[in-house]
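Novice: here is my input, please return the structure:
(one chain, ligands or ions: 1)
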Amino acid sequence: MKVCVIGTGYVGLVTGVCLGEIGHNVICVDNDEKKIKMLKNSIMPIYEPGLENLVKKNTQSGNLSFTTQIGNAILSQDIIFICVGTPPLPDGSADLRFVEEVAKEIGRNLNSYKIIINKSTVPIGSGDWVSMIINDSVATGNGIDNGANHSGNKNAAAIFDVVSNPEFLREGTAIYDTFFPDRIVLGSASQKAIDLMIKLYEKVINRRFEQIDSLPDSKGTKNIPLVKTDLVSAEMIKYAANSFLATKISYINEIANICEKAGADILKVAKGIGLDSRIGARFLNAGIGWGGSCFPKDVSALTKIAAEYGITTQLLNSAINVNNQQRLKMVQKAQETLKIIKGKTIGVLGISFKPNTDDTRDAPAITIMNNLANLGAKVKAYDPIVKESPESLNQKVILCFDTEEIFSGSDLIILATEWEEFIGLDYEKLGALMRDKNFIDGRNFLSKEKMQSLGFKYSGIGI
Ligand code: NAD
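Specialist: Model (predicted):
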């Protein structure tokens with residue numbers, strides 16, 4: 001099938017390459033010329049394990065190509081994915097500027113029946129809103145490019161359908177998640193569009209794709225469950241899922257804070273409750289809280305959507321508050337440990353919001369480092385993949401390129417991201433480089449007993 005993916009970021013690039021891998025003809029579009037130039041040269045603009053090999057393979061096979069020419073790409077393809085960003089506005093609601101631009105562009109280039117898929121996370125009702133923009137754009141015939149002759153087509157509603165197909169991939173395991181999703185959600189008023197979407201995903205749903213390096217064999221595994229529904233419900237599923245997971249993390253962090261005061265061990269408590277099949281063990285790791293490009297903005301956006309209906313989201317508001325406090329709790333812990341922050345040297349292990357990604361959007365590590373720098377500490381940071389200082393990071397924070405630099409002369413080390421690399425460090429040797437061997441493990445990632453036996457004054461979260 002002929003697919004156009006608009007927005008070649010974490011979601012669009014992975015979606016595009018995976019659809020190419022199962023045999024579709026995919027054009028990935030982005031208005032960031034630098035990104036497209038890199039991709040045309042098989043240089044990845046993001047860090048995602050396994051991505052580079054798949055991009056190379058599918059570009060060589062001709063299934064995947066990259067362009068900045070959005071009009072041409074829409075004209076030539078039948079299935080159009082919208083995968084642009086929907087970042088938060090200052091009031092917490094979703095900024096739909098990029099989705100709007102793309103919808104207008106689709107309207108200007110609608111030369112045949114097309115399915116328009118909202119894969120970007122968009123507020124409830126956005127499916128109808130996208131339809132409206134496309135219709136308006138076709139009706140005005142505004143700016144049709146490439147010689148397509150559809151100016152003033154008043155029957156635009158007849159030649160496209162909108163589908164909501166929310167994305168659940170996790171950065172760091174995005175390719176696995178695309179081939180082995182827990183479910184595929186398809187929301188539309190059009191049965192024809194749903195049927196075509198099922199055809200598009202057929203090889204994933206029925207486990208009929210070729211073995212991919214580093215992924216498990218799919219043979220013999222069960223078909224992927226499909227949730228077929230209306231547009232609004234599909235949009236709600238995405239927000240509700242992310243809000244639930246974020247709330248689960250805030251819940252365990254609140255329990256961890258009680259454990260810490262009461263002398264219980266959150267690791268054992270989480271294990272004890274996670275083994276209850278009604279609860280489940282995942283997303284029960286106490287730590288410095290959730291961040292990234294999805295949870296913070298999606299939970300906030302859902303509270304804003306609810307407010308439009310006069311609903312106060314007390315539970316979600318609390319989940320957000322607990323999360324904000326959890327980041328600041330690390331700063332308090334640093335104060336309790338060092339007494340005076342001013343003039344102290346603090347090394348931070350990990351910048352990205354979670355391991356195996358270079359994404360630093362709303363990373364808890366950044367909030368913590370900015371606060372410590374504002375309190376007068378000399379802050380040094382090391383991340384296995386992030387090698388440039390993110391814009392949101394206080395520019396006084398010193399980026400280090402090896403872990404020895406982080407430990408050298410430091411009064412405290414904070415582990416902020418649980419990169420696998422941090423398990424295997426030679427803590428005995430590194431500890432000897434410190435001025436004072438304080439260690440706060442913001443992810444409960446290392447063994448308390450081992451770190452204490454090496455002479456570290458070690459503390460975690462809720463242990
Ligand atoms: P991203 O910022 O990595 O990528 C978005 C891309 O869209 C950028 O490359 C940008 O240049 C491009 N773009 C913006 N306007 C454009 C236009 N007019 N024409 C062409 N390209 C344009 O964002 P992302 O992380 O991939 O997220 C995309 C959407 O998917 C968001 O709504 C997000 O909430 C959702 N989502 C993200 C994840 C995730 O883990 N990142 C998971 C599930 C859902």
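Novice: Ser181 against Pro166, yeah?
Specialist: Actually, residue 181 is Pro. It isn't Ser. No: Pro181 lies out of contact with Pro166 (CB atoms under 8 Å); the separation is 10.8 Å. In short, each C-beta sits where N, CA and C put it, glycine included.
Novice: more neighbours: these two, which one.
Specialist: Set side by side, Pro181 and Pro166 show more neighbours around Pro166, with 23 against 17, by other CB atoms under 10 Å.
Novice: I figured the more buried one hits Val232, correct?
Specialist: No: in this structure Pro166 lies outside contact range of Val232 using CB under 8 Å: 12.0 Å.
Novice: could you list the domains of the chain?
Specialist: 2-229, 263-463 (automatic domain parsing).
Novice: can you tell if the first one touches the ligand?
Specialist: Yes: judged by CB under 6 Å from any ligand atom, domain 2-229 comes into contact with the ligand through 6-12, 29-32, 35, 70, 83-86, 98, 101-102, 120-121, 167, 169, 171.
Novice: return the subset of those lying in helices.
Specialist: Mapping these onto helices (DSSP state H) picks out 10-12, 35, 70, 98, 101-102.
Novice: of the residues you listed, buried ones?
Specialist: Neighbour-count burial (16 or more other CB atoms under 10 Å) is assigned, among these, to 10-12, 35, 70, 98, 102.
Novice: same list (the residues you listed) but as TSV, adding distance to Asp276 and pLDDT.
Specialist: Converted to TSV, those look like this (distance: CB to CB, whole Å; pLDDT from 0 to 100):
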residue	distance to Asp276	pLDDT
Tyr10	33	97
Val11	33	98
Gly12	38	98
Lys35	45	98
Ile70	49	98
Phe98	42	98
Val102	44	98
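Novice: quick check: the two most widely separated of these?
Specialist: Spatial extent of those (CB to CB) is set by the pair Tyr10 and Ile70 at 19.3 Å.
Novice: phi first, then psi, for the residue in the chain that the ligand sits nearest to.
Specialist: Closest to the ligand within the chain is Gly9: 1.8 Å, counting by CB to the nearest ligand atom. As for Gly9, its main-chain torsions (degrees, to the nearest 10) stand at phi -100, psi -150.
Novice: ok, it - contacts?
Specialist: Gly9 makes contact with 30, 46, 83-85 under the criterion CB atoms under 8 Å, 6 or more residues apart in numbering.
Novice: ok, for Ile124, nearest residue in space, not its chain neighbours?
Specialist: Glu235 (4.9 Å; CB to CB, 6 or more residues apart in numbering).
Novice: just how off-centre is the host helix or strand of that neighbour within its chain?
Specialist: Assigned by DSSP states H and E, Glu235 belongs to helix 231-262. From the chain centre to the centre of helix 231-262 is a distance of 16 Å (CA atoms, centre = their mean, to the nearest Å).
Novice: is it positioned near the ligand?
Specialist: No: Helix 231-262 does not reach the ligand (CB under 6 Å from any ligand atom); its nearest approach is 7.2 Å.
Novice: which other helices and strands contact that helix?
Specialist: helix 126-140, strand 160-164, strand 184-187, strand 226-229, helix 266-274, helix 295-308, helix 314-338 (3 or more CB pairs under 8 Å, 6 or more residues apart in numbering; DSSP states H and E).
Novice: so what touches the next helix or strand after the third one?
Specialist: Using DSSP H and E, the next helix or strand after strand 184-187 towards the C-terminus is helix 191-200. Outside helix 191-200, the residues within contact range by CB under 8 Å, 6+ apart are 1, 3, 19, 24, 79, 115, 117, 161-163, 165, 186, 188, 205, 226, 228.
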